[in-house]
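Engineer: Sequence and computational prediction follow.
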Amino acid sequence: MKPHFDQNKIDSVKSLILNSKRIVITTHYKPDGDALGSSLGLWAYLKSLNLHVDVVLPSEFPNFLKWMHGSDETIDFSKTPQEVSELINQADLLFCLDFNDPTRTEGMSNLLINSTAKKIMIDHHLAPKEFCDYAFSFPSIGSTCELIVHFIEALDGISLITMDSAACLYAGIMTDTGSFRFSSVTAETHRVVGILLNTGMRNDFVHEAVYDTSSEDRLRFLGHVLLNNMFVLNEHKAVYFQCTKDDMKRFNHQSGDLEGIVNYGLSIDGIKMAVLFSERDGIIKISFRSKGDYSVKDLAEKHFEGGGHKNAAGGKSHLTLDETIQKFKTILKENHHA
Ligand code: 5GP
Ligand code: MN
């Protein structure tokens, strides 16, 4: 399905963009392929219009995205908060990509809320909060990167998409659709991918850069988690993984190493839900994935201070790892999820 962009809204946004002096693009905490890809894809497009534009990130992005063109020019709030706060305060236009609620930027939240810049949201998460002047929110679309291509198309800018920025946008579509396998993928998604491939970008390089650049430690870590830390709850068609700080230390854990582990749970025949609990500083981070109708978004929202999409969500817990897992099991029992 093609998202419908209201022409009046596009006209207003176009003139806002062309009249802006300083644009800032930002995205959610712990940026993933879609968050960084959409930010850099839009960044390259706006730069090609000779506009002044910066990408600021609430926190570090994983190593397997370092190849993205422009990633070395992004500014990380967790490292240089003063610089980011000045950029946001000076901006007259602020793009909020791949998130629906300012709190998803963690420490940058108040900066965004208090900024006097015009704000434009482009996002695909359900139930967006009203904190932007213009919101392009399409929860049925598989990735923000796909939306960015539609957005650039609505602004008549397709010919300005370069090979390098196409690779960033392709990467976000690829990662947010599980390599084009989820039900969110449509003929439109493939048409957009066609536009990107026509720039001459190399899809095989992107797959390799994202999926075939593990360290040996990371692969052994995956082996350890699958062998020793995976628990199958057949009665609930669920699988959970646990990951302690000691596990991470033992395998020399790097940012991004846990990415994708949770999905292995869904590859067991009959399993409909997979959950990863990982121990962080003072909290337990939880990743939820599901297949079909079971909404992990509701589970994350209701019980684990989180949210996300129906089939991919996240949350956290302030209990210990064991207590968190106990709580999860109790919820499953009470909901009779099967
Ligand atoms: P992941 O498991 O990859 O960290 O997150 C999967 C999805 O869940 C993300 O795309 C994001 O939409 C959502 N998500 C992850 N963590 C949180 C959280 O703490 N709060 C909310 N609202 N959503 C989250
Ligand atoms: Mn996304």
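Structural biologist: Good, I have the coordinates. Ligands and ions are numbered 1, 2, ... in the order given.

Engineer: low-confidence ranges in the chain?
Structural biologist: By pLDDT under 70, the weakly predicted segments of the chain are 336-338.

Engineer: so the residue of it found nearest ligand 1, which of the three states?
Structural biologist: As assessed by C-beta to the nearest ligand atom, ligand 1 sits closest to Gly314 within the chain, at 2.2 Å. From N, CA and C alone the C-beta is placed, and that goes for glycine too. Counting by DSSP: H, G, I helix; E, B strand; the rest coil, the backbone at Gly314 sits in strand.

Engineer: what is it paired to in the beta sheet?
Structural biologist: Ser287, Gly307 (DSSP bridges).

Engineer: Counting neighbours, what do you get for it?
Structural biologist: 21 (other C-beta atoms under 10 Å).

Engineer: which residues touch it?
Structural biologist: By C-beta atoms under 8 Å, 6 or more residues apart in numbering, Gly314 lies in contact with 285-288, 300, 306-308.

Engineer: What distance do you get for it to Val149?
Structural biologist: 25 Å (C-beta to C-beta, to the nearest Å).

Engineer: ok, now Gly270?
Structural biologist: For Gly270 relative to Val149 (C-beta to C-beta), the value is 37 Å.

Engineer: More neighbours: those two, which one.
Structural biologist: Val149 (28 against 7).

Engineer: element containing that one?
Structural biologist: Per DSSP states H and E, Val149 falls inside helix 144-154.

Engineer: by contact count, what packs against that helix?
Structural biologist: When contacts are defined as 3 or more C-beta pairs under 8 Å, 6 or more residues apart in numbering; DSSP states H and E, helix 144-154 packs onto helix 33-48, strand 118-123, helix 163-176, helix 187-197.

Engineer: among these, which is nearest Ala154?
Structural biologist: Ranking the helices and strands packed on helix 144-154 by proximity to Ala154 (C-beta to C-beta) places strand 118-123 first, at 10.9 Å.

Engineer: Need the contact partners of the helix or strand just after the closest one.
Structural biologist: Per DSSP H and E, strand 118-123 leads on to strand 134-137 as the next helix or strand towards the C-terminus. By C-beta under 8 Å, 6+ apart, the surrounding residues in contact with strand 134-137 are 3, 5, 9, 12-13, 16, 100, 118-125, 128, 147, 151.

Engineer: Now list the buried members of those.
Structural biologist: 3, 5, 13, 16, 100, 118-125, 128, 147, 151 (16 or more other C-beta atoms under 10 Å).

Engineer: Which pair of these spans the longest distance?
Structural biologist: Leu16 and His125 (22.9 Å).

Engineer: Could I get the full set of strands for the chain?
Structural biologist: 23-26, 53-57, 75-76, 93-97, 118-123, 134-137, 230-233, 238-243, 273-279, 284-290, 307-308, 312-317 (DSSP state E).

Engineer: list the helices and strands the third one packs on?
Structural biologist: Applying 3+ C-beta pairs under 8 Å, 6+ apart, one finds that strand 75-76 contacts strand 53-57, helix 81-90.

Engineer: can you check the fifth one too?
Structural biologist: The contact analysis (3+ C-beta pairs under 8 Å, 6+ apart) places strand 118-123 against helix 7-18, strand 93-97, strand 134-137, helix 144-154.

Engineer: Can you check which of these gets nearest to Thr26?
Structural biologist: Comparing those by C-beta to C-beta, strand 93-97 comes nearest, at 6.2 Å.

Engineer: That closest one vs helix 81-90, what angle?
Structural biologist: Computed by axes from the mean of the first three to the mean of the last three C-alpha atoms, to 10 degrees, the angle separating strand 93-97 from helix 81-90 equals 120 degrees.
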